[in-house]
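Visitor: Need coordinates for the below:
(one chain, ligands or ions: 1)
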Amino acid sequence: MDHALFLDSLRAIVGEAGLVCDAEKLSRYTREWRGKFASGAIAAVRPASTAEVSAVVATCTEYGIAITPQGGNTGLVGGSVPIDISGEIVLSLERMNAIEDVDPDGNTMVVQAGCILAQAQQAAEQVDRIFPLSLGAEGSCMIGGNLSTNAGGINVIRYGNMRDLVLGLEVVLADGRVWNGMNRLRKDNTGYDLKHLFIGAEGTLGIITRAVLKTFPRPKDRLTAWLACQTPEHCLDALNMMRNRLGDGIIAGEIIPAIALDQTLKQTPDTKAPLQPLPAWSLLVEVGVFDEAGAVRDTLDFVLQEAISQEVIYDGVVAQNMSQAQDFWKIREAIPSAEIKSGPSIKHDVSVPVHRVAELITRGTTLLQELYPGSRPVPFGHLGDGNLHFNLCAPVDAVGDPEAEAKFLAAWEPINRAFHDLVREMNGSISAEHGIGQLKKDELARTADSVGLDVMRAVKAALDPGNLLNPGKIF
Ligand SMILES: Cc1cc2nc3c(=O)[nH]c(=O)nc-3n(C[C@H](O)[C@H](O)[C@H](O)COP(=O)(O)OP(=O)(O)OC[C@H]3O[C@@H](n4cnc5c(N)ncnc54)[C@H](O)[C@@H]3O)c2cc1C
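Guide: Predicted structure coming up:
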C-alpha cells in the first residue's frame, strides 16, 4: 500500500517535527528496551496537543491504519511497540510533556501524558508535596504509560497503584472524539467512573492525553533499614511487626534473596554490601517520618530490638544519612539490570495474597528447580504487596554457552505455564504490575475467567470497533 497520501495528511497535522519516517530514527520507537520485541512501522507520529492527537486518530481511522500509543517505551510486555511489521503507526506522546498546574492546597497536579515520571515527582517536591509513584524506570517512563499500565513500584504498600493516584483523565477515543474527564473531585458518583476503563487498558481503548494526579504531604524525613532474615517468613513477620507499630509510616518493604544481592553487587559499579556476610534474605524497609523524627526513630529501634529478640531478624542497619539510604536503594533498583548482565533468565511478575508470599517462594522454588534442574530461582520484589518478580536464571554452566542458553530460553513458555498454574492455584495473578501486552496474551486467554474475558472483549468492541488501537495486545 502506498502511504504517501496518509503521511501527507499526518504531516499537515503535526508538521515535519512531529513525523519520523527515517528507518534508523524509527527504530527507537519500534524496539522495546530489552530487544525482546521489535517491529517496523509506517512512521512515528509525535503530536504536540490534544487537538493534534484527535486529528491524527481520526485520520488513522479514515485510512484504517492501526495505532500503537507509546510513552517512555519502558514497558516489559511488548505493549508499546507495533505487532505488525509495517502497517501501523507509533503515536508517541513525548512532545506532550508539560506540567500544567500544581496545587499544593488541593493536593493535585495536572500533567500531560508525555510528562516523565521523575519530572512529575520533582514538580510536586517543589511545593513540599510528593507524587509517590516510584519505580526503576522513573527517569524515562511517562505518566500516560504509567496510567495505561496501572504501574506499581515500591510505594504501593502505602499509596497504592497508579489507579489510586488519579482523579481525572482526558482521553482521545478511537473515532477522534475527546472525552474530558479532567475532574479534581474527591467525591463524584455520577454514573460509571470511566477513567478506570482507560487505566491499565494498555492503549487498547483510547489515547490518554492529560491527567489530574493526586499529591501527598512530603515526609519530613525518611528512615531506611536493611535487615537480615533467615527465611522469607521472617521477612514478612518483620514487616508486619513494623507495620503494627508504625502503621502508614511504612512506605516500602522489599524482599531480596542472597542470589540477587550477590549478582547485583558483582555487576553494579559503586555498590557495596549493606551487611556482611550477605543475608540469606534481606528486607529493605523505608519509613516516612511525618512528625517529630526522634519519636519515629525510637519506635523503629524498639521494634527492631523486639524482632531481634524474637529471632525474626538476625542483623540489620539503619542508614545514617541520605547518601547511605540512596546506596541501599541503588542496589534494589539495579537488580533487574544486574540480572540481565548475569545471563539469560525467564521472567515472572506475579502476586499472591500477602500472607502466602513465603509459601509461594517455597513451592515456586521447588517447582522451578524440578522443571529445569540446575536453574536458579531469583524471587525478589514488593513483599508488602504480595508481588514478586519470580525470575529464573539459567544454570551457571549454561551461561556463556550459546547452545545451552538457547535451550534454556526455549523452555520459557512451558515454565511460565507451570508456574502460572501454581500462582492461580494460590489465588494469585499472572501479571501483578507489568500488564499483558504481547508477552502474556496467550496466558491471559488460557487462565482468565471466561466471563471476564467476554466482558473485556465487549468493552473493546464498543470503544474500538475497528480494532485500530493497539491491536494484538491483551487479546
Ligand atoms: C528498569 C525497569 C524497572 C521497572 N520497574 C517497574 C515497577 O517497579 N513497577 C511497574 O509497574 N513497572 C515497572 N517497569 C515497567 C514500566 O516502566 C512501566 O510499565 C511503566 O508504567 C511504562 O511506562 P512507559 O511510559 O514507558 O509506557 P510504554 O512502555 O511506552 O507503554 C506501556 C503501555 O501503555 C500504552 N501507552 C503508553 N502511553 C499511552 C497513552 N498516553 N495512552 C494510551 N496508552 C498508552 C502503550 O501502548 C503500552 O501498551 C519497569 C521497567 C524497567 C525498564
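Visitor: Spatially nearest residue to V399, not counting backbone neighbours?
Guide: Among residues not flanking V399 along the chain, G343 sits closest, at 3.6 Å (C-beta to C-beta, 6 or more residues apart in numbering). For every residue, glycine as well, the C-beta is placed using N, CA and C.
Visitor: ok, now Y159?
Guide: The shortest distance from Y159 to any non-neighbouring residue, by C-beta to C-beta, 6+ apart, is to P132 (4.0 Å).
Visitor: for P69, same thing?
Guide: Of all residues not flanking P69 in the chain, G203 sits nearest, at 3.8 Å (C-beta to C-beta, 6+ apart).
Visitor: Correct me if wrong: that neighbour contacts K473.
Guide: Yes: with contact defined as C-beta atoms under 8 Å, G203 and K473 form a contacting pair (7.1 Å).
Visitor: Spit out the residues that contact those two alike.
Guide: Listed contacts common to G203 and K473 are G79; contacts here mean C-beta atoms under 8 Å, 6 or more residues apart in numbering.
Visitor: Residue of the stretch 151-300 of the chain closest to the ligand, please.
Guide: G203 (2.9 Å; C-beta to the nearest ligand atom).
Visitor: same question, the stretch 101-250 of the chain
Guide: Sorted by distance to the ligand under C-beta to the nearest ligand atom, the residues of the stretch 101-250 of the chain start with G145, at 2.1 Å.
Visitor: tell me, how many neighbours does that residue end up with?
Guide: Residues lying near G145 (other C-beta atoms under 10 Å) number 29.
Visitor: need the contact list for the residue nearest to V399.
Guide: Applying C-beta under 8 Å, 6+ apart, we find G343 in contact with C393, A394, A398, V399, G400, E405.
Visitor: let's see it at 10 Å
Guide: Going by C-beta atoms under 10 Å, 6 or more residues apart in numbering, G343 touches 263, 376, 393-396, 398-401, 404-405, 408.
Visitor: what's the answer for T61, then?
Guide: By C-beta under 10 Å, 6+ apart, the contact list for T61 reads I67, L173, A174, D175, G176, D464, P465, G466, L468, L469.
Visitor: go on, E138?
Guide: Per C-beta under 10 Å, 6+ apart, neighbours of E138: G72, T74, I116, L117, A118, Q119, A120, Q121, N146, A151, G153, E333.
Visitor: Quick one: buried ones out of those residues?
Guide: Among those, those scoring as buried are G72, T74, I116, L117, Q119, A120, Q121, N146, A151, G153, E333 (criterion: 16 or more other C-beta atoms under 10 Å).
Visitor: just the residues you listed now: which is nearest G294?
Guide: Q121 (27.3 Å; C-beta to C-beta).
Visitor: Three-state assignment for the closest one, please.
Guide: Secondary structure, DSSP: H, G, I helix; E, B strand; the rest coil: Q121 is helix.
Visitor: That one contacts V127, doesn't it?
Guide: No: look at Q121 against V127 with C-beta atoms under 10 Å: they stay out of range, at 12.0 Å.
Visitor: shared neighbours, those two?
Guide: Counting by C-beta under 10 Å, 6+ apart, the residues touching both Q121 and V127 are T215.
Visitor: Which secondary structure element is home to the spatially most central residue of the chain?
Guide: Closest to where the C-alpha atoms of the chain average out (C-alpha atoms, centre = their mean) is A151, at 4.2 Å. Under DSSP states H and E, no helix or strand contains A151.
Visitor: Would you check that it makes contact with Y159?
Guide: No: checked against C-beta under 10 Å, the pair A151 and Y159 is beyond contact range at 11.9 Å.
Visitor: hey, what's in contact with both of these two?
Guide: When contacts are counted by C-beta under 10 Å, 6+ apart, A151 and Y159 are jointly contacted by L133, S134, L165.
Visitor: what about the closest residue to I83 other than its chain neighbours, how many neighbours?
Guide: Leaving aside its sequence neighbours, I83 sits nearest to G472 (C-beta to C-beta, 6+ apart; 3.6 Å). The local packing of G472 (other C-beta under 10 Å) involves 18 other residues.
Visitor: which ones are touching D421?
Guide: Applying C-beta under 10 Å, 6+ apart, one finds that D421 lies in contact with L367, I430, R446, T447.
Visitor: before we move on, what SS does it have?
Guide: Using three-state DSSP, the secondary structure recorded for D421 is helix.
Visitor: From G437, how far out is it?
Guide: D421 is 21 Å from G437, where distance means C-beta to C-beta, to the nearest Å.
Visitor: same thing with N321?
Guide: 40 Å.
Visitor: neighbour count winner among these two?
Guide: Using other C-beta under 10 Å, the more surrounded residue of N321 and G437 is G437, with 26 against 9.
Visitor: and the more buried one, what element?
Guide: Using DSSP H and E, G437 sits within no helix or strand.
Visitor: got the CA coordinates for the longest helix anywhere in the chain in PDB?
Guide: Counting by DSSP state H, the longest helix found in the chain is helix 322-341. In PDB, the C-alpha atoms belonging to helix 322-341 read as follows (Å, rounded to 0.1, in the frame of the first residue of the first chain):
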ATOM      1  CA  MET A 322      20.500  10.300  52.800                       C
ATOM      2  CA  SER A 323      23.600   9.100  50.900                       C
ATOM      3  CA  GLN A 324      23.600   5.700  52.600                       C
ATOM      4  CA  ALA A 325      19.900   5.300  52.100                       C
ATOM      5  CA  GLN A 326      20.400   6.100  48.400                       C
ATOM      6  CA  ASP A 327      23.100   3.400  48.300                       C
ATOM      7  CA  PHE A 328      20.600   0.800  49.700                       C
ATOM      8  CA  TRP A 329      18.000   1.800  47.100                       C
ATOM      9  CA  LYS A 330      20.600   1.800  44.300                       C
ATOM     10  CA  ILE A 331      21.200  -1.900  45.000                       C
ATOM     11  CA  ARG A 332      17.400  -2.600  44.900                       C
ATOM     12  CA  GLU A 333      16.900  -0.700  41.600                       C
ATOM     13  CA  ALA A 334      19.900  -2.300  40.000                       C
ATOM     14  CA  ILE A 335      18.600  -5.900  40.500                       C
ATOM     15  CA  PRO A 336      16.900  -6.200  37.000                       C
ATOM     16  CA  SER A 337      19.900  -4.800  35.000                       C
ATOM     17  CA  ALA A 338      22.300  -7.000  37.000                       C
ATOM     18  CA  GLU A 339      20.200 -10.000  36.300                       C
ATOM     19  CA  ILE A 340      20.400  -9.200  32.600                       C
ATOM     20  CA  LYS A 341      24.200  -8.900  32.700                       C
END
